[in-house]
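Visitor: please find the sequence and the predicted model below.
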Amino acid sequence: MTRRVLGLVCAAAGGVEEIRERLIEPMISDGWTIAVTLTPTAATWLEAIGEVDKIAAVTGLPVRSTPRLPGERSPHPEVDCYAVIPATANTVAKLALGLADNQALTAVCEAIGRRQPPVVVFPRINAAHAGQPNWHSHIQALSAAGVHLIYGDDVWPLHTPRGAPGRQLPWPAIRTRIQDAVPAGM
């Protein structure tokens with residue numbers, strides 16, 4: 001059986017500092033290969049705490065945050081699923097609108113446009129983000145495109161801005177949704 005490959009895209013939101021221990025290492029233990037790409041701000045955050053090198057060591061792949069040069073081969077293998085964990089409100093809006101303005105969003109926007117491979121998104125937002133006039137249309141657009149959203153009061157009840165410091169992301173639900181998006185044996 002070949003290992004499934006997860007293209008993990010991380011934005012700068014609470015919980016990203018735990019991504020290695022809470023998502024990457026358990027997914028590797030479950031038989032996945034993990035290729036990580038960070039938004040520019042997430043790269044700054046994780047570099048500041050020494051996590052980028054730790055992630056590269058545990059995955060055996062470089063952590064990307066900048067585009068490669070023309071003609072340069074991707075250092076990551078072809079993926080079986082993309083997961084955007086955590087996704088900021090800004091990232092969700094960009095994905096819904098097809099704005100691939102950084103390396104992390106380019107391949108995910110392409111996957112959404114092709115409808116393959118599957119894309120899983122966990123919006124790490126608060127009630128104020130969800131109250132924005134276009135938020136619902138962004139969620140609808142991603143759902144209509146077949147994106148697997150980890151969203152709703154059953155997995156992440158919304159809170160006031162800065163009203164949930166230290167709150168754990170729903171890691172079990174995130175791992176389950178990724179596993180379900182790509183059946184074993186693919």
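Guide: Great, that's in hand.

Visitor: how about this structure, which residue sits the furthest from its center?
Guide: Gly71 (26.1 Å; CA atoms, centre = their mean).

Visitor: does it sit in a helix, a strand or a coil?
Guide: coil (DSSP: H, G, I helix; E, B strand; the rest coil).

Visitor: and the helices in the chain?
Guide: When secondary structure is read from DSSP state H, the chain shows helices at 19, 25-29, 40-48, 51-59, 89-97, 103-114, 127-130, 135-144, 171-181.

Visitor: could you dump those to a markdown table with distance to Ala83, mean pLDDT and mean neighbour count?
Guide: Heads up, the C-betas are built off the backbone N, CA and C, glycines and all. Listed next are the helices of the chain as a markdown table, based on distance: least, CB to CB, whole Å; pLDDT from 0 to 100; neighbours: other CB atoms under 10 Å:
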| stretch | distance to Ala83 | mean pLDDT | mean neighbour count |
| --- | --- | --- | --- |
| helix 19 | 10 | 98 | 23 |
| helix 25-29 | 9 | 97 | 15 |
| helix 40-48 | 14 | 97 | 18 |
| helix 51-59 | 14 | 98 | 17 |
| helix 89-97 | 12 | 98 | 21 |
| helix 103-114 | 9 | 95 | 18 |
| helix 127-130 | 20 | 95 | 14 |
| helix 135-144 | 13 | 98 | 15 |
| helix 171-181 | 5 | 96 | 17 |
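
Visitor: rebuild these as CSV, extending it with distance to Glu78.
Guide: As requested, those are arranged in CSV below (distance: least, CB to CB, whole Å):
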stretch, distance to Glu78
helix 19, 22
helix 25-29, 17
helix 40-48, 23
helix 51-59, 15
helix 89-97, 20
helix 103-114, 10
helix 127-130, 33
helix 135-144, 23
helix 171-181, 16
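
Visitor: how about the ones you listed, which one is nearest Gly163?
Guide: Gly163 lies closest to helix 127-130 among the helices of the chain, at 8.2 Å (CB to CB).

Visitor: which outside residues touch that closest one?
Guide: The contact list for helix 127-130, computed with CB atoms under 8 Å, 6 or more residues apart in numbering, reads Ala89, Pro123, Trp135, Leu158, His159, Thr160, Pro161.
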